[in-house]
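Chemist: Mind folding the following:
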Amino acid sequence: MDTGLAAQPAQGWDKVAEQHGTWGIAARRKALHTAERAAYQQALDRFAEHHSRAVVIVRDGRQVLVPAPHPDEIPPAWHAPDGRVLDPVTGRPAADWRVATDGRPILITPADQRSYDELAAAHAEALSEWESVA
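Modeler: Modelled structure (predicted):
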C-alpha cells in the first residue's frame with residue numbers, strides 16, 4: 001500500500017501525527033466539546049428563565065410552598081368576574097375566551113357543540129374515571 005509518504009524515521013509522536021495529518025485533533029475536539037458544553041449550558045439557562053421558581057412563605061410557623069404559575073396560566077388581573085378573559089390591552093372581556101378551572105385559557109367558539117359548563121363537567125368526569133382506573 002502506497003500512502004504517498006516516504007518512509008522516514010520520525011523524532012517523537014508529534015512528528016508522526018503531523019506526517020499522517022492527525023496532529024492537533026485532540027485539541028480541536030477538546031475545544032469543540034468545550035464550546036458545545038457552553039452552548040448547552042446557555043440553552044439550559046434560557047430554558048430555566050421561562051420557569052418561575054416556587055415561592056416559600058411562612059404561615060403560622062410552617063413553611064408553605066406556593067407553586068409558580070405555568071407560562072400559559074392567565075394572571076389574576078385578566079380574570080373577569082363572569083369567568084371570561086379580559087383583554088390586557090382594552091380591559092374588555094374577550095368574546096370567546098374563558099378561564100378554565102386550572103387557570104389556563106380555553107377557547108369556546110360558536111362552532112363548539114358544548115358550553116363551558118358542559119366541557120368542565122366532561123373533564124371532571126374523565127378525571128374521575130382516570131383516577132378510579134389508576
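
Chemist: Now stretch 93-101: average pLDDT?
Modeler: The pLDDT scores in stretch 93-101 average 80.

Chemist: Name the residues that touch it?
Modeler: With Cβ atoms under 8 Å, 6 or more residues apart in numbering as the test, stretch 93-101 has contacts from 74, 79-80, 82-87, 105-109, 116, 120, 123. (Glycine included, C-beta is placed from N, CA and C.)

Chemist: Return the distance of the residue nearest the centre of the chain relative to Tyr40.
Modeler: Central residue of the chain (Cα atoms, centre = their mean): Phe47, 5.7 Å from the mean position. Separation of Phe47 from Tyr40 (Cβ to Cβ, to the nearest Å) stands at 11 Å.

Chemist: same deal with Ile25?
Modeler: For Ile25, the distance to Tyr40 - Cβ to Cβ - is 22 Å.

Chemist: same check, this time on Arg46
Modeler: 11 Å.

Chemist: With Pro93 instead?
Modeler: 44 Å.

Chemist: more crowded one of these two?
Modeler: For Pro93 versus Tyr40, neighbours defined as other Cβ atoms under 10 Å are more numerous around Pro93 (18 against 10).
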